[in-house]
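In: coords please:
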Amino acid sequence: MNAHTDLIDRYFDAWNETDGARRRELIAATWAADADYRDPLLAGAGHDGIDAMIRAVHERFPHHTFRRTTEVDGFANRLRFSWELTTPAGEAIVKGSDFGVVDAHGRLQAVTGFLDQVPAAA
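Out: Here you go, the predicted structure:
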């Protein structure tokens with residue numbers, strides 16, 4: 001286990017938290033106040049933007065769960081890991097890889113996500 005694993009596990013806890021107050025606590029403990037998240041479909045800036053982005057994913061994919069599928073690889077203040085979004089039945093419907101930058105306080109400053117597998121258009 002490396003120094004970034006706990007941070008990324010908390011990152012997934014925030015993504016999976018459906019209680020708004022608890023999710024905002026997790027975001028504050030995980031992300032820098034001026035943090036930025038970007039992937040081909042989503043973007044969120046600051047704690048409020050990240051919370052709104054996660055809330056929108058919960059609305060679009062109710063009862064789905066994100067989980068880390070690789071170890072967290074990192075050096076200095078850089079890290080990477082892969083993940084999947086699973087249905088309530090456990091089927092992975094989206095897979096991706098994220099790259100992050102950690103600030104001096106051990107919080108995520110920036111995350112850039114890449115989608116490795118997405119559902120075919122209906």
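In: All the helices of the chain, residue numbers only.
Out: For the chain, the helices defined by DSSP state H cover 5-16, 20-30, 46-60.
In: what packs against the shortest one?
Out: Read that as helix 20-30. Judged by 3 or more C-beta pairs under 8 Å, 6 or more residues apart in numbering; DSSP states H and E, the packing partners of helix 20-30 are helix 5-16, helix 46-60. Every residue, glycine included, has its C-beta placed from N, CA and C.
In: what's the shortest one in contact with?
Out: Residues outside helix 5-16 that contact it (C-beta atoms under 8 Å, 6 or more residues apart in numbering): 23, 26-27, 29-31, 50, 54, 57, 65-68, 71-72, 79, 81, 83, 100, 102, 106-108, 111.
In: and what of the longest one?
Out: The set of residues that contact helix 46-60 without belonging to it, under C-beta under 8 Å, 6+ apart, is 14-15, 17-18, 20, 23-24, 27-28, 31, 33-35, 37, 42-44.
In: Mind giving me the ChimeraX command for buried ones among these?
Out: Remark: buried members of those, expressed as a ChimeraX selection using 16 or more other C-beta atoms under 10 Å:
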select :14,15,17,23,24,27,31,35,37,44
